[in-house]
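[1] Model the structure of this input:
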Amino acid sequence: QVQLVESGGGLVQPGGSLRLSCVASGNILGLHAMGWFRQAPGKQRELVALATSGGNTNYLDSVKGRFTISMNNANNANKTVYLQMNSLKPEDTAVYYCNAMVWSSPRDTPYWGKGTLVTVSS
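    Here you go, the predicted structure:
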């Protein structure tokens with residue numbers, strides 16, 4: 001099993017910044033990617049940003065240039081992914097979920113955090 005613990009959500013004014021963190025622990029030997037999804041009220045969950053252990057990243061078009069994802073692969077005891085969010089807009093308001101993909105033959109298993117609320121409002 002893999003445990004994901006998120007932190008860093010909250011209320012911020014438009015144009016402000018927040019940094020989300022997510023620590024993965026447990027059976028993470030096969031962990032090869034971590035990312036952030038978000039779900040706004042009445043909308044489907046969408047991928048915001050993804051980082052692989054090989055250093056690749058991918059972003060939702062609407063957050064490119066404003067959000068930065070980074071992943072700390074320093075050890076096998078735990079891995080951390082960060083999402084630096086700048087120039088926040090009201091439309092970024094959502095519950096943000098941390099995701100980790102862990103390969104253990106023969107399957108790739110997704111794990112989810114409980115979510116952290118980000119509210120962008122004046």
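[2] Tell me which residue is most central in this protein.
    In the chain, the residue lying closest to the centroid (C-alpha atoms, centre = their mean) is Trp36, at 2.5 Å.
[3] Distance of that one relative to Leu50?
    8 Å (C-beta to C-beta, to the nearest Å). Where you see a C-beta, it was placed from the backbone N, CA and C, and this is true even at glycine.
[4] Confirm that the residue nearest to the centre of the chain sits in a strand.
    Yes - Trp36: assigned to a strand according to DSSP: H, G, I helix; E, B strand; the rest coil.
[5] isn't it right up against Val95?
    No - at 10.8 Å, Trp36 does not count as touching Val95 under the criterion of C-beta atoms under 8 Å.
[6] and Ser105, what pLDDT?
    As predicted, Ser105 sits at a pLDDT of 86.
[7] Can you give me the end-to-end span of stretch 23-43?
    Using C-alpha to C-alpha, to the nearest Å, one end of stretch 23-43 lies 26 Å from the other.
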